[in-house]
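> just coords:
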């Protein structure tokens, strides 16, 4: 069973928009970090604050990079005609879920299965 074409197009538009927003956030945060007036010199406190800001930037950058990879993967699934199929149950993902999280790989049921498996093996 394939998804309605209009739903896929709506999700594609959301994915492209989310991708552009993420790339802008990365660019802005990088500019903020490296173009700040305190970027050079300062006492130990200034240097510590700068190191903390860099660490925060790197962890945020990693989260954004992972989300960007999910978005790219979803766009690839659209191109291959595999979009909207749960990786766990191989059933269609709920349209409401796709509209809310267009890069999701799992239906609600699939997410619950993964979570229960994760808890089982986390012990």
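That came through, no problem. These numbers were taken from a predicted model, which means no experiment stands behind them. Residues are numbered from 1 along each chain as shown.

> So what's the residue count around residue 93?
24 (other C-beta atoms under 10 Å). Placement of C-beta: from N, CA and C, glycine included.

> Pretty sure it sits against residue 86.
Yes. Contact criterion C-beta atoms under 8 Å: residue 93 and residue 86 qualify, at 5.4 Å.

> Quickly list what's touching both of those two.
106, 107, 110 (C-beta atoms under 8 Å, 6 or more residues apart in numbering).

> Any chance of the backbone angles for residue 85?
Here is the backbone geometry of residue 85 (degrees, to the nearest 10): phi -110, psi 130.

> Could you say which helix or strand holds residue 33?
For residue 33, the host element (DSSP states H and E) is helix 5-34.

> buried ones in the top helix by length along the chain?
In the chain, taking DSSP state H as the definition, the longest helix is helix 44-80. If you call a residue buried by 16 or more other C-beta atoms under 10 Å, then helix 44-80 has these buried ones: 50, 53, 57, 64, 68, 70, 71, 74, 75, 77, 78.

> show me what contacts the residue of the chain most remote from its centre?
What lies farthest from the middle of the chain is residue 43; by C-alpha atoms, centre = their mean that is 36.9 Å. Contacts for residue 43 were tallied using C-beta under 8 Å, 6+ apart; there are none.

> what's the answer for residue 95, then?
3, 7.

> helices and strands around the helix holding residue 33, which ones?
Packing partners of helix 5-34 (3 or more C-beta pairs under 8 Å, 6 or more residues apart in numbering; DSSP states H and E): helix 44-80, helix 95-100.

> Would you mind putting those helices into a markdown table with distance to residue 33 alongside?
Converted to a markdown table, the helices and strands packed on helix 5-34 look like this (distance: least, C-beta to C-beta, whole Å):
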| stretch | distance to residue 33 |
| --- | --- |
| helix 44-80 | 5 |
| helix 95-100 | 31 |
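
> Residue 22: which of the ones you listed is closest?
Nearest to residue 22 among the helices and strands packed on helix 5-34 is helix 44-80 (5.2 Å), distances taken as C-beta to C-beta.

> For the residue sitting nearest the centre point of the chain, give its distance to residue 93.
Here the mean C-alpha position of the chain is nearest to the C-alpha of residue 67 (C-alpha atoms, centre = their mean), at a distance of 1.8 Å. Going from residue 67 to residue 93 by C-beta to C-beta, to the nearest Å gives 18 Å.

> Alright, that wraps it up for me.
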